[in-house]
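> Predicted model follows, preceded by the sequence.
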Amino acid sequence: MPTISVNLPANSYNILISSGSLTQLGEEMKQLNLGKKVLLVSNPEIFNDYGQTCIKSLEDAGFETCTHLIPAGETYKTLQSIARIYDTALEHHLERSSTLVALGGGVVGDMTGFAAATWLRGVNFVQVPTSLLAMVDASIGGKTGVNHPQGKNLIGAFYQPKLVLIDPQVLKTLPVREFRAGMAEVIKYGIIWDKDLFTKLEQAGDIDRFASINQELLQTILIRSARAKAEVVSQDEKEAGLRAILNYGHTIGHAIESLTNYQQFVHGEAVAIGMVAAGKIASLMGLWTEEEANRQDKLIAKTKLPTKIPTELDINAIIETLQSDKKVKAGKVRFILPTQIGKVIITDRVTDGIVKNVIEQ
Ligand code: GLY
């Protein structure tokens, strides 16, 4: 099975990517010498499609399983939902050697990881991502947590999984809009880290839906994206520096999500708009050629992702929201800006004037 390693000082693990690999979950976990008990956490829709395959695989490999379902959606990413996972863990007598398996998208993965980090001061954790965004980003790197009423992901912990198992076939039930949103993060890796990935996406035919994307290309996309994320996280697990480049497109993206009350755009769509804006900022500052910025924008448009900041958003409100973002350091907003396709820099030298100029455009 194609395997990518996340190499960390204390908690290294593998990402396995293979079509049909859901049926191998139990055997792969058995190799890791985990305890007998497994709590599978999912949401009802995903569990309905893939839960039984996972449970059969786990039980055939000798694990005892129990299940906890959380209703789908960001509104359930709360401490109350975590408390309910703890209740199920208690009811089924989970032990330190037990494992929480997250079967779902980013919300399920982040919450299951946080419950695993905190229950009994830490039990094992395995990620089985089912959305493209979770496969290429959220399931890798150990960021876990929940939302606070005042902001997204304000409560959390770095807690690495023991294994990430990716079965591309599960994407067949992912809504097209979610597939495209995941592709925004894939394009991000092309810009920040992997020029060849970017070129492959540019040269490919349809890349905006599972039903028409070439399956070999999809496998390549998953492998290269996971490798990019693994390499960055291996160099900077706790975001002391380099890892911040993964936030390319997220600075303005988060402001747009927040000002539209998380109703108008899904995360990847806001990131797509944020990447277009960051690209324009970089070329206005003379850091990036207009030609490369246009190549990025063309690829985003080809993926049928939005590229424009909604005109109804107030420029000053956007600037204010940028100031309150988590990524502000010592009062200065940090931007990730491309200098070439495949290379970015982190800078706090973007003035409000430049941001205003780009938003007005
Ligand atoms: N999603 C950004 C990170 O994992 O650091």
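Everything's here; your move. Residues are numbered from 1 along each chain as shown.

> ok, which stretches of the stretch 1-150 of the chain are helices?
25-30, 44-46, 52-60, 79-91, 106-118, 132-133 (DSSP state H, counting those that start in this stretch).

> just checking, what packs against the third one?
Yep, that's helix 52-60 we're talking about. Under the contact criterion of 3 or more CB pairs under 8 Å, 6 or more residues apart in numbering; DSSP states H and E, helix 52-60 touches helix 25-30, strand 37-42, strand 64-69, strand 99-104. (Glycine included, C-beta is placed from N, CA and C.)

> Name the stretch among those that sits most buried.
Among these, strand 99-104 has the highest mean neighbour count (mean count of other CB atoms under 10 Å), at a mean of 28.

> I'd like the mean pLDDT over that strand, please.
Strand 99-104 shows a mean pLDDT of 98 in the predicted model.

> What strands line up against it, and which way round?
With DSSP bridges as the test, strand 99-104 is paired with strand 37-42 (parallel), strand 124-129 (parallel).

> Redo the helices and strands packed on helix 52-60 as CSV? Include distance to the ligand.
Shown next, in CSV, are the helices and strands packed on helix 52-60 (distance: least, CB to the nearest ligand atom, whole Å):
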stretch, distance to the ligand
helix 25-30, 23
strand 37-42, 20
strand 64-69, 24
strand 99-104, 15
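
> Using JSON lines, lay out the ones you listed together with distance to G353.
Below are those laid out as JSON lines (distance: least, CB to CB, whole Å):
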{"stretch": "helix 25-30", "distance to G353": "52"}
{"stretch": "strand 37-42", "distance to G353": "47"}
{"stretch": "strand 64-69", "distance to G353": "50"}
{"stretch": "strand 99-104", "distance to G353": "43"}
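
> Pick the most deeply packed of the helices of the stretch 1-150 of the chain.
helix 132-133 (a mean of 27).

> Near the ligand, which residues of the stretch 101-250 of the chain are found?
137, 141, 143, 243, 246 (CB under 6 Å from any ligand atom).

> Contacts only, for the residue of the stretch 1-150 of the chain found nearest the ligand.
Nearest residue of the stretch 1-150 of the chain to the ligand (CB to the nearest ligand atom) works out as G141 at 4.3 Å. Taking CB atoms under 8 Å, 6 or more residues apart in numbering, we find G141 in contact with 6, 160, 229, 232-233, 237, 243, 246.

> Can you tell me which of these is nearest the ligand?
Checking the contacts of G141 against the ligand by CB to the nearest ligand atom gives L246 as the nearest, at 4.0 Å.

> In space, what's closest to the closest one - neighbours in sequence excluded?
Taking CB to CB, 6 or more residues apart in numbering, and ignoring the residues beside it in sequence, L246 has V232 as its nearest neighbour in space, at 6.1 Å.

> and the one you found, what helix or strand is that in?
Element membership for V232 (DSSP states H and E) is helix 215-235.

> in the stretch 201-350 of the chain, which ranges drop under the pLDDT threshold?
Counting by pLDDT under 70, the ranges of the stretch 201-350 of the chain that qualify are 325-329.

> can you pull out the strands in the stretch 201-350 of the chain?
328-329, 332-333, 335-340, 343-347 (DSSP state E, counting those that start in this stretch).

> To the ligand, which of these lies closest?
In terms of CB to the nearest ligand atom, the element of the strands of the stretch 201-350 of the chain nearest to the ligand is strand 335-340, at 11.0 Å.

> Q160 contacts N7, doesn't it?
No - Q160 lies out of contact with N7 (CB atoms under 8 Å); the separation is 11.2 Å.

> Pick out whichever of those two has more residues nearby.
The neighbour count for Q160 versus N7, taken as other CB atoms under 10 Å, is higher for Q160 (22 against 13).

> Are we agreed that the more buried one is in a helix?
No - per DSSP: H, G, I helix; E, B strand; the rest coil, Q160 lies outside any helix segment and is coil.

> Could you check how far it is from R349?
Noted for Q160: a distance of 33 Å to R349, by CB to CB, to the nearest Å.

> What of E312?
Going from E312 to R349 by CB to CB gives 29 Å.

> list the contacts for N294?
No contacts exist for N294 under CB under 8 Å, 6+ apart.

> Could you report the distance from it to the ligand?
Counting by CB to the nearest ligand atom, to the nearest Å, the gap from N294 to the ligand is 26 Å.

> what's the most distant pair in the contacts of G141?
Greatest spatial distance among those (CB to CB): Q160 and L246, at 15.5 Å.

> what about I187, which SS state?
Per three-state DSSP, I187 ends up helix.

> N14 is in contact with P2, isn't it?
No - at 10.2 Å, N14 does not count as touching P2 under the criterion of CB under 8 Å.

> These two: which has the busier surroundings?
The residue with more neighbours, out of N14 and P2, is N14; 19 against 15, by other CB under 10 Å.

> How about the more buried one, nearest residue that isn't a chain neighbour?
Leaving aside its sequence neighbours, N14 sits nearest to T3 (CB to CB, 6+ apart; 5.1 Å).

> Same question for A138.
Nearest to A138 is G106, by CB to CB, 6+ apart, at 3.7 Å.

> Apart from its neighbours in sequence, what residue is nearest D196?
R224 (7.5 Å).
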